[in-house]
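[1] how would this look folded up:
(one chain, ligands or ions: 1)
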Amino acid sequence: MQTLEKLTSRFWYQTPVSETDRPILGAVMGTDMTLMIDAGNSEDHARFFLEELQKSGVPAPSLVAITHWHWDHIFGLSALKIPSIASTKTKTKMEELVPFSWSDEAIDDRVQQGIEIEFCAEAIKKEFTEHRNISIKLPTITFHEKLEINLGGVTCILQHVGGDHANDSIIVYIKEEKILFLADCMYANMYAPKNNYTTDAALRLLDLVESFDAETYIFSHWKPATKEEFVNEAQLLRRVASLTKKCEGNLLAITEEYKVLVEREVKEDELETIQFFVNGYEQYN
Ligand SMILES: [Zn+2]
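    Residues are numbered from 1 along each chain as shown. Next comes the predicted model:
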């Protein structure tokens, strides 16, 4: 069950749902305005979030920021009667979705053509069982690299970071709360024949993300992670990226070297990360 949680006095979030791929939605409450982060995977999702905010006495959002173009972060936008903000890259990607039909046949057809992926196709069908009145609403305000919003007593910095998951990804840094809303930027590229990370993009992204002074890191399909959890995740990506380069994408060699480095058996999630880097190496080298 989804719940609305108060993380700090000025930041609230709604928990994710893995089955229908609903990501975390955030609300930053300033004295002048509330900023919503991501629009949700459907109009139902967006409306549910607004209802929950209202019940908790959080002033209704005046603006919504979109973190990247993936369906689960944007399909709720058409239910919101407020201006939306996105990077110019996100808007360009969203424009490509405007002509699409979302019937089962049309979605399956796009999976066949390699435009859509099976994982998202299944989640869309689960989220929209009754009717599928999906209309892509484009962002109102766009920016290139960086945008700062003062909500009254709290500042949000929207910064384009890109990365393997989606090259339009932005993060939202909630300065006074020391919260870094990463959304999906640290995840692998899923819109490819095999889920993958590439070494250069991963290392460049980590440099950018680590330049923010934060205590809490929001992973949209997981939870608000502590500094320690973030550092562990970042360290894993860094180590595997370096080993992938050194071992030229050889799965066994990377796994062996990683084992020596951590002085224990390799865990399942680490093996998955290694596999994703190997996939990236094989695809792009
Ligand atoms: Zn995504």
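
[2] quick check: residue 159 is in a strand.
    Yes. Assessed with DSSP: H, G, I helix; E, B strand; the rest coil, residue 159 lies in a strand.

[3] what is the neighbour count of it?
    Residues near residue 159, counting by other C-beta atoms under 10 Å, number 20. C-beta here means a position set from N, CA and C on the backbone, and glycine is covered the same way.

[4] same deal with residue 252?
    Using other C-beta under 10 Å, residue 252 has 10 other residues around it.

[5] any chance you could list what contacts the host helix or strand of it?
    Assessed by DSSP states H and E, residue 252 sits inside helix 251-262. If you take C-beta atoms under 8 Å, 6 or more residues apart in numbering as the criterion, helix 251-262 is touched by 239-240, 243-244, 246-247, 265-266, 270-271, 274-275, 277-278.

[6] what's downstream of it, the next helix or strand?
    Heading C-terminal from helix 251-262, the first helix or strand you meet, by DSSP H and E, is helix 268-284.

[7] packing partners for that following helix?
    Applying 3 or more C-beta pairs under 8 Å, 6 or more residues apart in numbering; DSSP states H and E, we find helix 268-284 packed against helix 199-209, helix 227-246, helix 251-262.

[8] ok, now which ones touch the residue nearest in space to the middle of the chain?
    Taking C-alpha atoms, centre = their mean, the centroid of the chain lies closest to residue 184, which sits 2.1 Å from it. Residue 184 sits next to 23, 67, 68, 70, 73, 165, 166, 169, 219, 220, 221 when contact means C-beta under 8 Å, 6+ apart.

[9] switch to 10 Å and redo it
    For residue 184, the contact set (C-beta atoms under 10 Å, 6 or more residues apart in numbering) comprises 23, 38, 67-68, 70, 72-73, 163, 165-166, 169, 190, 219-222.

[10] and these, which is closest to the ion?
    The ion has its nearest neighbour among the contacts of residue 184 in residue 70, at 3.6 Å by C-beta to the ion.

[11] now for that closest one, how many residues are close by?
    Counted with other C-beta under 10 Å, residues neighbouring residue 70 total 27.

[12] now do the SS call for the residue lying closest to it once chain neighbours are set aside.
    Excluding its sequence neighbours, the residue lying closest to residue 70 (C-beta to C-beta, 6 or more residues apart in numbering) is residue 166, at 6.3 Å. Under three-state DSSP, residue 166 falls in the coil class.
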